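Asks: Kindly return the folded structure for what I paste below:
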Amino acid sequence: MALRRARLLLHWIPALIGIAVIVGESTATMSSANTSRWLLPLWVKLFGPISPERWEIVHHYIRKSGHFVGYGTVSLGFFEGWRVTLEERWTEWRMLFRNAAGLALLSTLLLASWDEWHQSFLPGRTSSPKDVALDFCGAVVAQLVLFWIAILAHRRLRGRLAVA
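Replies: Got it, this is the predicted structure:
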């Protein structure tokens with residue numbers, strides 16, 4: 001029993017790290033004005049000078065890409081936690097995958113909603129349902145990519161077993 005708990009905890013660590021990152025980013029320190037202070041010099045160093053008008057657009061897309069990729073990654077952490085939590089209940093991989101992915105998406109949606117709600121109380125931060133939708137889209141894409149990889153791996157394994 002203690003071994004099972006330790007295994008569960010280990011497999012939930014990626015989700016817990018993802019939640020911690022989101023909580024850390026859901027502060028006034030990570031507002032648009034503050035991230036521009038360190039992203040702009042980095043951009044100039046890597047790509048050269050940029051006009052303030054153009055930077056506003058680029059900065060917007062960098063931040064929105066961060067939402068998409070960040071929440072997609074967090075959803076993969078949730079998937080892993082749910083997969084191990086549910087593996088004794090469902091042994092057939094498709095059923096396990098479906099349920100773990102569904103719970104991962106729900107968990108990500110709840111986290112994204114909480115994040116936007118929390119930001120609505122912070123000066124210098126904005127809250128938008130569009131960000132929740134973008135976050136959820138990142139999670140859905142991550143789960144679809146994971147499913148595609150799982151299907152390819154399953155087919156490949158099944159092909160090897162048929163040859164042996």
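Asks: Could you use CA atoms for every contact and neighbour count after this?
Replies: Will do.
Asks: got any ranges where this protein has weak pLDDT?
Replies: Scanning the chain for pLDDT under 70 picks out the ranges 163-164.
Asks: Kindly provide the distance from Phe78 to Ser128.
Replies: The gap separating Phe78 from Ser128 is 23 Å, by Cα to Cα, to the nearest Å.
Asks: Mind jotting down where the helices sit in the protein?
Replies: Counting by DSSP state H, the chain has helices at residues 2-25, 32-47, 52-86, 93-119, 129-163.
Asks: want to try TSV for those helices, with mean neighbour count as columns?
Replies: Supplementary listing: the helices of the chain in TSV, determined by neighbours: other Cα atoms under 10 Å:
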stretch	mean neighbour count
helix 2-25	15
helix 32-47	13
helix 52-86	19
helix 93-119	19
helix 129-163	16
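Asks: could you list every residue that touches Leu111?
Replies: Neighbour list for Leu111: Ile19 [criterion: Cα atoms under 8 Å, 6 or more residues apart in numbering].
Asks: Ser65 versus that one, what's the distance?
Replies: According to Cα to Cα, Leu111 stands 17 Å off from Ser65.
Asks: And Ala2, by the same measure?
Replies: In this view, Ala2 and Ser65 are 40 Å apart by Cα to Cα.
Asks: what sits against the closest residue in space to Val132 that isn't next to it in sequence?
Replies: Spatial nearest neighbour of Val132, excluding adjacent residues (Cα to Cα, 6 or more residues apart in numbering): Ala112 at 5.4 Å. For Ala112, the contacting residues are Tyr71, Asp131, Val132, Asp135, Phe136, by Cα under 8 Å, 6+ apart.
Asks: biggest separation within the residues you listed, which pair?
Replies: The widest separation within those, taken as Cα to Cα, falls between Tyr71 and Asp131 and amounts to 10.5 Å.
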